[in-house]
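> Here is my input; please provide its structure:
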Amino acid sequence: MTATASPPLTLTDEYDPTHLENVAARASRALSEFVDRQAAVLAAISPALAPATAALREAILGGGKRLRPTFCYWGWRAAGGPADAAEIVTAAAGLELLHAGALIHDDIMDRSDTRRGRPSIHRLFEGEHTTAGYRGSAATFGLGAGILLGDWSMAWCDEMVDRCGLPEHRLRPARRLLQQVHTELMAGQFLDLVEQARGGGSVERARTVIRYKTAKYSVERPMQLGAILAGAGPDVLAACSAFALPLGEAFQLRDDLLGVFGDPAATGKSAGDDLREGKATVLIAFARQAATAAQLATLDRLLGDPDIDDAGLAALRSVILATGAVTAVEDLIDSHVDTALRRLAEAPFPERARWTLGQLTVAATTRAA
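Residues are numbered from 1 along each chain as shown. Next up is the predicted model:
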């Protein structure tokens with residue numbers, strides 16, 4: 001990576017609303033207050049909803065770095081929005097509800113047993129079915145509960161943004177953007193499903209998946225949402241996109257590496273899950289592209305085997321490393337980060353916003369979990 005990180009941010013007031021950690025903490029508080037209000041609504045419908053409420057609370061509040069709300073807040077600041085507006089923190093926090101719903105659905109599609117070190121939602125309800133002695137299939141019950149709770153959380157995203165307190169003339173274009181986000185995210189999820197069924201193989205197709213499944217809804221659209229809510233013009237929105245898209249791709253490429261080589265204690269998921277699921281990531285596409293006949297045979301035999309053992313995982317990791325795929329992905333991350341930082345330097349943002357977005361770029365692409 002040719003670009004260098006900015007020096008650590010030093011603030012004398014730990015409650016300064018522009019501090020990265022405090023943006024995340026404020027978003028978490030806004031989410032907690034929103035979930036409390038929704039819990040009261042659900043409790044009034046039926047006490048039988050209590051397990052669903054508790055599971056949603058844990059899925060929404062039980063972890064995460066709040067990167068999407070933070071990028072949204074700094075999109076607001078990039079467009080000249082004031083630092084201490086509670087309304088933008090509430091709107092930005094709503095994006096975590098979309099993210100939580102997407103993760104719940106992701107775990108179903110990937111057959112993941114855990115999320116952030118705890119049982120995934122569908123496994124949680126599968127276990128509840130068994131414990132309670134309910135009739136029918138425990139697995140089917142868990143899948144149904146997971147689908148519904150994921151939908152629930154995504155619907156709450158729109159509600160939280162809509163009730164953030166900003167004026168209607170700002171919310172109207174924000175709603176249109178959120179509708180686009182939902183469409184892009186589902187398109188990315190479906191393309192991911194298709195690529196996995198095909199067995200992958202194309203670097204370009206894998207990059208299309210991450211562009212729509214992650215890059216846009218994780219970085220570009222959150223920044224643009226914040227900018228729109230601040231009244232941004234076309235030049236600021238275009239600058240948000242130019243910076244955020246390469247950064248979003250780099251973010252997901254780092255996640256792909258962690259999915260295979262990460263420390264489960266840090267990531268909260270088994271480092272073998274992506275291999276067991278046969279995910280058609282850019283990493284795997286690079287490996288297939290450079291593999292020898294023998295290496296390709298190993299990939300075809302072991303990748304996507306849900307019962308693969310530790311020896312099989314080690315064999316897959318060995319092939320991926322030997323093909324140079326890890327180096328290729330690291331080089332692509334570096335290239336995307338360099339592009340993002342170069343475009344950031346040219347963006348018509350206030351200096352504080354440019355500086356902090358540079359900090360976020362480094363944090364999002366060099367993380368260990």
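> which secondary structure elements does whatever helix or strand L237 lives in contact?
Per DSSP states H and E: L237 is located in helix 234-261. Packing contacts for helix 234-261, counted by 3 or more CB pairs under 8 Å, 6 or more residues apart in numbering; DSSP states H and E, involve helix 67-78, helix 203-210, helix 221-229, helix 273-277, helix 282-290, helix 310-322, helix 325-346, helix 351-365. Every residue, glycine included, has its C-beta placed from N, CA and C.
> so who does the residue most central in space within the chain touch?
Among the residues of the chain, the one closest to the centroid is S218, at 5.5 Å (CA atoms, centre = their mean). Remark: with contacts taken as CB atoms under 8 Å, 6 or more residues apart in numbering, S218 is in contact with 67-68, 71, 99, 248, 251-252.
> now that we have those, which one has the most neighbours?
F71 (30 neighbours; other CB atoms under 10 Å).
> thought that residue was touching M223?
Yes. Using CB atoms under 8 Å, F71 makes contact with M223 at a distance of 5.1 Å.
> Show me whatever sits in contact with both of those two.
Joint contacts of F71 and M223 (CB under 8 Å, 6+ apart) are A244.
> about what we covered before: where's the residue nearest to the centre of the chain relative to H122, distance?
23 Å (CB to CB, to the nearest Å).
> on that earlier part again, mind putting the contacts of S218 into CSV with pLDDT and distance to D334?
Shown next, in CSV, are those (pLDDT from 0 to 100; distance: CB to CB, whole Å):
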residue, pLDDT, distance to D334
L67, 92, 20
R68, 94, 23
F71, 96, 21
H99, 95, 26
G248, 95, 15
F251, 94, 13
Q252, 93, 15
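> got a pLDDT number for R205?
Here the pLDDT value assigned to R205 is 91.
> and if you look at A5?
Reported pLDDT for A5: 38.
> before we move on, what about H19?
pLDDT, read off for H19, is 66.
> Then G201?
pLDDT at G201 comes out at 71.
> I'd guessed it sits against V282; true?
No. Judged on CB under 8 Å, G201 makes no contact with V282 at a distance of 11.4 Å.
> quick one: which of those two has more around it?
V282 (26 against 15).
> what number of residues lie near the nearest residue to that one once chain neighbours are set aside?
Leaving aside its sequence neighbours, V282 sits nearest to A206 (CB to CB, 6 or more residues apart in numbering; 4.4 Å). Per other CB under 10 Å, the neighbour tally for A206 reads 25.
> Helix or strand for R29, just tell me which one.
Going by DSSP H and E, R29 is in helix 20-45.
> Which strands and helices lie in contact with that helix?
With 3+ CB pairs under 8 Å, 6+ apart as the test, helix 20-45 has helix 50-61, helix 67-78, helix 86-110, helix 138-162, helix 351-365 packed against it.
> hmm, back to that, which of the helices and strands packed on helix 234-261 comes out lowest on mean pLDDT?
helix 273-277 has the lowest average pLDDT among the helices and strands packed on helix 234-261, namely a mean of 85.
> Tally up the residues packed near A347, please.
Neighbours of A347 (other CB under 10 Å): 18.
> phi, psi of it?
phi -70, psi 150 (degrees, to the nearest 10).
> surely it meets L237?
No. Using CB under 8 Å, A347 is not in contact with L237, being 11.0 Å away.
> Let me see the contact set for the residue nearest to V282.
A206 neighbours (CB under 8 Å, 6+ apart): 195, 200, 280-282, 284-285.
> repeat that with 7 Å
195, 200, 280-282, 285 (CB atoms under 7 Å, 6 or more residues apart in numbering).
> Check those residues and tell me the two furthest apart.
Using CB to CB, these span at most 10.6 Å, a distance reached by E195 and V282.
> pretty sure D305 is in a strand, no?
No. Using DSSP: H, G, I helix; E, B strand; the rest coil, the assignment for D305 is coil, not a strand.
> Got the confidence number for it?
90.
> returning to that earlier point: now do the SS call for the residue nearest to the centre of the chain.
Classified using three-state DSSP, S218 is helix.
> Local confidence estimate at it?
At S218, pLDDT is 93.
> Can you give me the distance of it to R176?
For S218 relative to R176 (CB to CB), the value is 19 Å.
> Could you do F251 as well?
Applying CB to CB, the value for F251 to R176 is 25 Å.
> ok, now H129?
Taken as CB to CB, the span from H129 to R176 is 40 Å.
> The two: which has the busier surroundings?
Ranked by neighbour count (other CB under 10 Å), H129 and R176 place H129 first, with 20 against 11.
> what angle do the helix or strand where that one lies and helix 86-110 make?
Using DSSP H and E, H129 falls within helix 121-132. Between helix 121-132 and helix 86-110, the angle comes out at 70 degrees (axes from the mean of the first three to the mean of the last three CA atoms, to 10 degrees).
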